[in-house]
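In: Compute the structure for the input listed below.
(chains A and B)
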Amino acid sequence: MPPLPNVEKYGRVVTRFAPNPDCALHLGSARAIILSHEYARMYNGKFILRLEDTDPRLKRSALEFFEMIREDLLWLGCKWDEEYIQSDRIPIYYGFAERLLEEGKAYICTCTPKEFRARVQLKEPCPCRGLEPGENLARWERMLDGSYGEGEAVMRVKTDLNHPNPAVRDWPAFRIIDTRKYPHPRVGDKYRVWPLYNFAAGIDDHLLGITHIIRGKEHLTNQLRQEYLYRHLGWEYPEAIHYGRLKIVGASLSKSKILRDVRRGLYKGWDDPRLATFAALRRRGIRPEAIRRLIIEIGPRPSDIVLSWENLYAHNRKIIDPEAKRYFFVKNPFRLLVRGVPRSFTAEIPLHPSRPEIGSRRLHVEPVNGEASVLISDSDLNLLREGAVIRLIGLFNFEVESLEERRVVGVFHSQAHDEAKRLGAPLIHWIPDGSGLPCKVVMPDGSVASGLVEENFRGVHVGEVVQFERFGFVRVDGKDGAFTVYFAHK
RNA sequence: GCUCCGGUAGUAUAGCCCGGUCAAGUAUGGCGGCCUCUCGAGCCGCAGACGGGGGUUCAAAUCCCCCCCGGAGCACCA
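Out: As a prediction, the model looks like this:
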């Protein structure tokens, strides 16, 4: 990662991650989290988690997300040194509001948004802008005591009406929310005047001693706005780094969309494999370290990017490949009868091809009247042309005799693997007929593949990531009755 | 429309500030080969990019201008 700017100016680097707990976290937040955490770690600094739950109405936070966010951060390996929740800090914001009002640096505006916008477009002040501090304080009191209803008054921070960007002119800092109608999940209707993002975040970044803000570039104009607040208060704005927007092919990283579609039941939950939430990635067997490496590789550049899933999978594969045990999973089992099998065979196959020390698994085939029956995946049927020699991995080679509607019939050819090599015979996986544990594989697109996994699979524990040979890496999700695994990637 | 930010191979990233060593490095993906009793891993090789146009300069991915394209913001959201 590139060095942080002006580190020497500050005693200790302090970064923060400041989400609104209104949805499950997803890959889109990964940059803010991991970069902030990683930089803090790199400079031996401090990483703060700040929950920004200051909108009880439109982007309403929910208790379940507070906890989900903490879980995700821990899972990602981003332990925070301090935690703050903005709904606990309302009186602090009120204090600064009053100070600004007293000093004539903010005013209470009772114009309608439309009126205000029209004026500010023309760089003209609204009538409220010239009010005396006394009157402003009185109006502020009326906001607090309920004399003003929702939408009837806002506090605005004075900026520059000539600012080229109309969006930074006298921006709103507090608004009224009828919390009896829209109670806040943590503090109910205790407050009816709530700070807006730029006020709360601006105040907190200073108060918490944040030295480096790492956030998306959609906040670029927010920095402009907040700089006025800092000037009013005599503070110095921290270093701010704005990274570009991150997308990943085929997944929506829009909180509101995810929220809506989960609520609608389009998805099975926050960890539906079609989602790019951390919960979903976790369930699929994506390791946090893979996400961390990916994000660090991407860095804090300001350009927008569209990630390919392969970018993530490649990192993950490097992590899980050395530890994933190998098993045979036969998707949509199809019967293969091999005639002329001279005796019984036991295949002994290592649990991991490059780590023989961790042991092996055995599959036994007992012919009846010289006929051995095994199950193979229907996806291998295209390899079985009449006359073709095929090797059943670890077992023996056979020659295809005939393809029937419900089974393939072959004849024993030889046992040696070398013989298969010599003939260039394809290798396919299999399980003994009559064995196998039912297993469902939940794919990233939400579809489900089913089949049988070899009996040796019985010992795996939930959460383990294994490789189904010639199929892909999967994470064991459940083993009550039938097995359920989630597909990670090839 | 206005304000701002970006554009290096399929994807991601290095280089850009401080022009030459960049006929552009790396990872991943693709292709080919080797190896391996997996379509995994590993090894070797191949193909693949400076958005376009001008200018400055002995020399430009790097500096300047114009254009094109992409994105963000323009909320009593965060």
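In: tell me the SS of A:Phe134?
Out: Residue A:134: Gly, not Phe. helix (DSSP: H, G, I helix; E, B strand; the rest coil).
In: swap in A:Ala347?
Out: Taking three-state DSSP, the label given to A:Ala347 is strand.
In: Please determine how far it is located from RNA strand B.
Out: 7 Å (C-beta to the nearest atom of the strand, to the nearest Å). (C-beta placed from N, C-alpha, C; glycine too.)
In: how many neighbours does that residue have?
Out: Counted with other C-beta atoms under 10 Å, the neighbours of A:Ala347 add up to 18.
In: wait, isn't it in contact with A:Ile393?
Out: Yes - assessed by C-beta atoms under 8 Å, A:Ala347 is found in contact with A:Ile393 at 7.3 Å.
In: Check the spacing between the residue nearest to A:Ser435 when sequence neighbours are not counted and A:Arg362 real quick.
Out: What sits nearest to A:Ser435 in space, not counting adjacent residues and going by C-beta to C-beta, 6 or more residues apart in numbering, is A:Glu455, at 5.2 Å. Counting by C-beta to C-beta, to the nearest Å, the gap from A:Glu455 to A:Arg362 is 10 Å.
In: So between those two, which is more surrounded?
Out: A:Glu455 (17 against 12).
In: so what's that one up against?
Out: A:Ile431, A:Ser435, A:Gly436, A:Leu437 (C-beta atoms under 8 Å, 6 or more residues apart in numbering).
In: could you redo the last one with a cut-off of 10 Å?
Out: When contacts are counted by C-beta atoms under 10 Å, 6 or more residues apart in numbering, A:Glu455 touches A:Tyr327, A:Arg361, A:Arg362, A:Leu363, A:His364, A:Ile431, A:Pro432, A:Ser435, A:Gly436, A:Leu437.
In: Kindly format the C-alpha coordinates of stretch A:405-416 as CSV.
Out: The C-alpha coordinates for stretch A:405-416 follow below in CSV (Å, rounded to 0.1, in the frame of the first residue of the first chain):
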residue,chain,number,x,y,z
GLU,A,405,-30.4,-45.7,-21.5
ARG,A,406,-30.0,-46.3,-17.8
ARG,A,407,-26.4,-47.5,-17.6
VAL,A,408,-23.1,-47.8,-19.3
VAL,A,409,-21.5,-51.2,-19.7
GLY,A,410,-17.8,-51.7,-20.0
VAL,A,411,-15.3,-54.4,-19.8
PHE,A,412,-12.3,-54.6,-17.5
HIS,A,413,-9.1,-53.5,-19.3
SER,A,414,-6.2,-53.3,-16.9
GLN,A,415,-5.3,-52.1,-13.5
ALA,A,416,-2.2,-50.0,-13.9
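In: quick check, it touching RNA strand B?
Out: No - figure legend: stretch A:405-416 not in contact with RNA strand B (C-beta under 7 Å from any atom of the strand); closest approach 7.6 Å.
In: and that stretch, which residues are buried?
Out: A:Val408, A:Val409, A:Gly410, A:Phe412, A:His413, A:Ser414, A:Gln415 (16 or more other C-beta atoms under 10 Å).
In: Stretch A:469-481 now?
Out: A:Glu469, A:Arg470, A:Phe471, A:Gly472, A:Phe473, A:Val474, A:Arg475, A:Val476, A:Asp477, A:Lys479.
In: Now render those residues as CSV, adding secondary structure.
Out: Formatted as CSV, these follow (three-state DSSP):
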residue, secondary structure
A:Glu469, coil
A:Arg470, coil
A:Phe471, coil
A:Gly472, strand
A:Phe473, strand
A:Val474, strand
A:Arg475, strand
A:Val476, strand
A:Asp477, strand
A:Lys479, coil
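In: Which of the residues you listed sits closest to RNA strand B?
Out: Nearest to RNA strand B out of those is A:Arg470 (C-beta to the nearest atom of the strand; 2.7 Å).
In: quick one: stretch A:140-148 near RNA strand B?
Out: No - Stretch A:140-148 is not in contact with RNA strand B by C-beta under 7 Å from any atom of the strand; minimum separation 9.3 Å.
In: Any residues of the stretch 251-400 of chain A in contact with RNA strand B? List them.
Out: So the stretch 251-400 of chain A meets RNA strand B at A:297-299, A:301-308, A:310-311, A:313-314, A:317-318, A:321-322, A:326, A:349, A:353-354, A:377, A:379-380, A:391, A:393-395 (C-beta under 7 Å from any atom of the strand).
In: quick one: which of those sit in strands?
Out: A:Ile305, A:Val306, A:Leu307, A:Arg326, A:Ile349, A:Ser377, A:Arg391 (DSSP state E).
In: Give the buried subset of the residues you listed as a PyMOL selection command.
Out: In PyMOL, this line selects whichever of those come out buried by 16+ other C-beta under 10 Å:
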select buried, chain A and resi 307+326+349+377+391
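In: Which stretches in the stretch 201-350 of chain A count as helices?
Out: A:220-233, A:255-264, A:278-283, A:288-298, A:309-320 (DSSP state H, counting those that start in this stretch).
In: Dump the ones in strands among the residues of the stretch 251-400 of chain A next to RNA strand B into CSV; add pLDDT as well.
Out: Below are those laid out as CSV (pLDDT from 0 to 100):
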residue, pLDDT
A:Ile305, 93
A:Val306, 92
A:Leu307, 94
A:Arg326, 98
A:Ile349, 97
A:Ser377, 96
A:Arg391, 97
